[in-house]
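> sequence first, predicted model second:
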Amino acid sequence: MATDRVACLRPSWSEVRAALPCPPRSGRTYPGTVAVQTGRAYGHPIHVEARVTHLFGQEPLAHVARVTDGPWFLTLGGGVRYPFSLRAAFSAAVRVNAAFDGNGLLPTAGPEVGFQYGF
């Protein structure tokens, strides 16, 4: 019974290929539209986020020195996503940033952790 439920939630490879605008040329490509076409996803582009910042130390905002730079910047990073189920996943990423021009170079790093839940 459980395998029948999983099979009906996931499109087959033939459904994915049929939904592609043209056959894949080199490798397999997926435009991300099969779930909408088969009625298994909401078809409008909506993105919602909630973020929280934790500052370490006693009175971390007591001695704030704002340093800004720009208008140019570069960002490089990567991460992983681990799905717990068809709707929930944990993600972790690391990125490094470099803003430059007016005040020279301002390098920063940003670790990220997240939990994603699809409705």
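That came through fine. Residues are numbered from 1 along each chain as shown.

> all strands of this protein, in order?
71-83, 88-101, 104-117 (DSSP state E).

> to Pro60, which of these lies closest?
Among the strands of the chain, the nearest to Pro60 by CB to CB is strand 104-117 (16.3 Å). The C-beta positions use only the backbone N, C-alpha and C, and glycine is treated the same way.

> just checking, what packs against that closest one?
Helices and strands touching strand 104-117, as assessed by 3 or more CB pairs under 8 Å, 6 or more residues apart in numbering; DSSP states H and E, comprise strand 71-83, strand 88-101.

> pick the most buried one from these.
Greatest average neighbour count among the helices and strands packed on strand 104-117 goes to strand 88-101 (a mean of 14), per mean count of other CB atoms under 10 Å.

> got the angle between that strand and strand 104-117?
Strand 88-101 and strand 104-117 are oriented at 170 degrees to each other (axes from the mean of the first three to the mean of the last three CA atoms, to 10 degrees).

> and the nearest residue to Pro83 once chain neighbours are set aside, how far from Arg81?
Ranked by CB to CB, 6 or more residues apart in numbering and with sequence neighbours excluded, the top spatial neighbour of Pro83 is Ala89, at 4.3 Å. According to CB to CB, to the nearest Å, Ala89 and Arg81 sit 5 Å apart.

> overlap in contacts of the two?
Gln116 (CB atoms under 8 Å, 6 or more residues apart in numbering).

> hang on, the earlier thing: right, so of the strands of the chain, which gets closest to His47?
Nearest to His47, of all those, is strand 104-117, at 11.3 Å by CB to CB.
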